[in-house]
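Visitor: Quick one: sequence and predicted model below, then my questions.
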Amino acid sequence: MTFMNPIQVGLLGIGTVGSGTFKVLTRNQAEIRRRAGRGIAITMVADLDTARAQALVGPGVTVVADGFDVINNPDIDIVIELIGGYGIAKTLVMAAIAAGKHVVTANKALLAVHGTEIFAAASAKGVMVGFEAAVAGGIPIIKALREGLTANRIEWIAGIINGTTNFILSEMRDKGLDFGVVLKEAQRLGYAETDPTFDIEGIDAAHKATIMSAIAFGTPVQFDKAHVEGITQLQATDIRYAEQLGYRIKLLGITKHRADVDGIELRVHPTLVPAKRLIANVEGAMNAVVVHGDAVGTTLYYGKGAGAEPTASAVVADLVDITRLHTADPDHRVPHLAFQAGSLADTRVLPINEVITSFYLRLQVADQTGVLSKITTILAESDISIDAVLQRESAEGEKQTDLIILTHDTVEGRMRAALSQMQALPTVLAPIVNIRKEELN
Ligand code: HSE
């Protein structure tokens with residue numbers, strides 16, 4: 001079935017992704033029409049800088065300063081929200097849903113925190129909320145998780161889902177520089193924002209991991225339960241030692257279903273990954289997500305996680321989906337969180353102390369007889385098994401050295417208790433560096 005008139009789209013916020021979306025839709029309109037069965041056109045844009053917006057979209061598109069003018073326009077069927085944040089973006093998304101419009105958004109922060117409420121409102125109103133662009137930009141990971149892998153029990157997901165931090169970590173490794181130096185360089189080159197907090201503190205990655213976790217396990221979105229650590233404390237020394245032991249350090253968003261306790265792990269933190277894994281070799285600002293399903297095994301999705309057209313690729317894909325499906329019975333569409341709205345589970349998100357992982361430890365110790373044995377005794381008595389030990393040869397006359405220990409899997413709480421015992425030893429001379437390690441096999 002083809003319609004002569006295009007479906008009309010209103011765009012809220014025409015920044016980098018908004019203008020990319022307008023460009024892709026315009027450039028590929030013939031292909032998109034053939035795929036969607038109907039043209040898709042942005043006919044109205046709301047942006048505070050109306051002059052700039054009008055210059056970007058040309059005279060054929062109505063430009064307004066107030067987003068509500070878009071929502072109140074009965075000709076608009078789909079609203080794209082690219083404002084970001086929880087404030088006016090949330091008000092406008094809820095108002096668009098209430099007005100019976102479908103919504104496409106790239107706003108991971110909004111969905112990770114208020115997603116359950118937004119999806120419930122959308123389901124009640126019979127409209128769709130597309131959010132492919134919210135996780136890993138151009139990588140169609142939502143589509144993969146929600147549809148392509150729908151036969152599977154998802155067991156775990158681990159992703160490099162923040163380009164800024166992956167760029168910084170790649171530079172730290174390549175150049176042997178510490179975090180602060182590389183951050184400044186990344187800001188100068190435009191790879192990091194002037195206020196990089198959300199990226200470097202792991203919050204952006206945690207928003208995305210939260211959304212993937214909900215879709216993978218059929219639970220409500222629960223950002224407040226995520227354990228979040230960024231990369232600001234990471235030192236070049238540890239990247240170097242990890243390398244010597246055959247590992248790379250990546251900021252991973254991890255979510256796992258733990259069958260032993262029927263709980264979900266949801267965490268973002270720097271992680272040692274075996275250098276031989278494909279994901280360990282994802283460099284610069286690129287993103288990659290590994291998904292392990294019980295039937296399919298391990299799968300990997302790689303691509304650009306940000307940028308105008310990569311993100312627009314995901315936004316437009318949602319527009320096509322909505323154009324194809326908006327006349328379908330709402331009960332027969334793909335559910336927002338992959339599982340039918342009435343069958344979401346209340347599986348517990350595990351506190352970090354109950355997480356199972358292995359560890360990299362770096363201890364600055366006095367180079368004296370018996371130091372190693374005291375440390376290994378504490379680990380043994382804590383039932384933590386050692387996988388590898390590396391001791392730096394001390395220089396002539398040097399009275400201290402670095403002791404690097406890799407452990408096997410353990411419960412985090414047990415490791416925390418062992419760490420405080422080790423820290424209390426007079427021969428341990430500095431705070432013990434501990435970084436989690438995942439084999440991802
Ligand atoms: N700031 C993000 C990143 C992109 O660096 O990957 C948008 O989520």
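Guide: The structure has been received and is ready for your questions.
Visitor: what residues does stretch 58-66 touch?
Guide: 42, 43, 44, 45, 46, 47, 48, 50, 53, 54, 57, 70 (Cβ atoms under 8 Å, 6 or more residues apart in numbering). Bear in mind the C-beta positions are built from the backbone N, C-alpha and C, glycine included.
Visitor: so after the helix or strand containing the last one, what's the next helix or strand?
Guide: Under the assignment given by DSSP states H and E, the secondary-structure element containing residue 70 is helix 67-71. The C-terminal neighbour of helix 67-71 among helices and strands, as given by DSSP H and E, is strand 78-81.
Visitor: Check what contacts the helix or strand just after that following strand and list those residues.
Guide: Sequence-wise, the next helix or strand downstream of strand 78-81 (DSSP H and E) is helix 88-98. With contact meaning Cβ under 8 Å, 6+ apart, helix 88-98 is reached by 12, 67-68, 71, 79, 81, 83, 103, 105, 107, 110, 114, 118, 121-122, 125, 127, 129.
Visitor: how far out from the middle of the chain is stretch 110-118?
Guide: Centroid displacement of stretch 110-118 relative to its chain, using Cα atoms, centre = their mean, to the nearest Å, is 15 Å.
Visitor: was I right about residue 118 contacting residue 111?
Guide: Yes: contact criterion Cβ atoms under 8 Å: residue 118 and residue 111 qualify, at 6.7 Å.
Visitor: Quick check: the gap between the closest residue in space to residue 353 that isn't next to it in sequence and the ligand.
Guide: In space, and not counting its chain neighbours, residue 353 is closest to residue 413: 3.5 Å by Cβ to Cβ, 6 or more residues apart in numbering. Taking Cβ to the nearest ligand atom, to the nearest Å as the measure, residue 413 and the ligand are separated by 31 Å.
Visitor: for the ligand, what are the nearby residues on the stretch 251-400 of the chain?
Guide: Neighbours of the ligand within the stretch 251-400 of the chain, by Cβ under 6 Å from any ligand atom: 305, 306.
Visitor: can you tell me the residue of the stretch 251-400 of the chain closest to the ligand?
Guide: residue 306 (3.7 Å; Cβ to the nearest ligand atom).
Visitor: For the nearest residue to residue 252 once chain neighbours are set aside, give me phi and psi.
Guide: Excluding the flanking residues, the one nearest residue 252 by Cβ to Cβ, 6+ apart is residue 271, at 4.4 Å. Phi and psi for residue 271, reported as degrees, to the nearest 10, are phi -140, psi 130.
Visitor: next one: residue 302
Guide: According to degrees, to the nearest 10, residue 302 has phi -130, psi 140.
Visitor: Quickly find the element holding the residue nearest to it when sequence neighbours are not counted.
Guide: The shortest distance from residue 302 to any non-neighbouring residue, by Cβ to Cβ, 6+ apart, is to residue 288 (4.4 Å). Following DSSP H and E, one finds residue 288 within strand 286-293.
Visitor: Parallel or antiparallel, list what pairs with that strand.
Guide: strand 154-160 (antiparallel), strand 297-304 (antiparallel) (DSSP bridges).
Visitor: tell me the average confidence for that strand?
Guide: On average, the pLDDT along strand 286-293 is 98.
Visitor: just to revisit the earlier point, number of nearby residues for the residue nearest to residue 302?
Guide: 24 (other Cβ atoms under 10 Å).
Visitor: likewise the one 3 residues further on?
Guide: Here the neighbour count serves as a burial measure; for residue 291 (other Cβ under 10 Å) it reads 24.
Visitor: Just confirm it contacts residue 279, I think it does.
Guide: No: applying Cβ under 8 Å as the test, residue 291 and residue 279 come out as separate, 11.1 Å apart.
Visitor: so where's this protein shaky on pLDDT?
Guide: Scanning the chain for pLDDT under 70 picks out the ranges 1-3.
Visitor: domain parsing for it?
Guide: Each domain of the chain is listed here as a residue range: 4-138+309-343, 141-304, 356-437, per automatic domain parsing.
Visitor: quick one, which of residue 118 and residue 111 is more surrounded?
Guide: Using other Cβ under 10 Å, the more surrounded residue of residue 118 and residue 111 is residue 111, with 26 against 23.
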